[in-house]
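Sequence plus predicted model, see below.
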Amino acid sequence: MTPMQGEVSKRYQLSPFLFFFLLYISVVDVGLLWFQRNLLNHAGVDSWISVGLTGISLHLIVWMIYKILYAAGNEKADLVTINRLSALVR
């Protein structure tokens with residue numbers, strides 16, 4: 001079969017794994033483009049405060065997750081394992 005009859009060359013094909021990320025980015029990107037407009041409409045010129053507070057709070061949450069994982073002491077520990085262990089302690 002030649003490429004003119006509908007078969008796409010292997011060089012131009014996309015794996016299902018990469019297609020998932022392409023689809024995800026195309027959907028999420030549209031929402032991110034409207035984020036700034038909606039924030040500016042509600043908060044006005046003080047919107048930088050909410051963005052800063054959100055960034056600080058997310059950094060704090062990620063830091064706490066790392067501390068909990070480090071306190072587990074197991075190199076293969078994940079959040080599910082820690083949750084199971086904490087249920088046994090109760």
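Received the coordinates, thanks.

which helices and strands does the helix-or-strand element of the chain with minimal mean pLDDT pack with?
When each helix and strand of the chain is scored by mean pLDDT, DSSP states H and E, helix 79-89 comes last, with a mean of 73. Packed against helix 79-89 by the contact rule (3 or more CB pairs under 8 Å, 6 or more residues apart in numbering; DSSP states H and E) you find helix 47-72. Quick note: C-beta positions are derived from backbone N, CA and C, even for glycine.

quick check: angle from the helix it packs on to helix 79-89?
Counting by axes from the mean of the first three to the mean of the last three CA atoms, to 10 degrees, helix 47-72 lies at 60 degrees to helix 79-89.

What residues sit buried inside helix 47-72?
Buried residues in helix 47-72, counted by 16 or more other CB atoms under 10 Å: Leu69.

now for it, which elements pack on it?
Looks like helix 47-72 contacts helix 16-43, helix 79-89 (3+ CB pairs under 8 Å, 6+ apart).

same thing but 6 Å
Applying 3 or more CB pairs under 6 Å, 6 or more residues apart in numbering; DSSP states H and E, we find helix 47-72 packed against helix 16-43.

so the helix it packs on versus helix 47-72, what angle?
130 degrees.

if you average pLDDT over helix 16-43, what comes out?
Per-residue pLDDT values over helix 16-43 give a mean of 80.

One more: stretch 63-72?
Confidence for stretch 63-72, expressed as mean pLDDT, is 80.

if we look at that stretch, which residues are touching it?
Residues from elsewhere that reach stretch 63-72 (CB atoms under 6 Å, 6 or more residues apart in numbering): 77, 82.

CA atoms only: put that stretch into CSV for me.
C-alpha atoms of stretch 63-72 as CSV (Å, rounded to 0.1, in the frame of the first residue of the first chain):
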residue,chain,number,x,y,z
TRP,A,63,7.3,20.5,51.4
MET,A,64,5.0,18.7,53.9
ILE,A,65,4.5,15.8,51.6
TYR,A,66,8.3,15.4,51.2
LYS,A,67,8.7,15.5,55.0
ILE,A,68,6.1,12.8,55.5
LEU,A,69,7.7,10.6,52.9
TYR,A,70,11.2,11.2,54.4
ALA,A,71,9.9,10.4,57.9
ALA,A,72,8.6,7.0,56.7
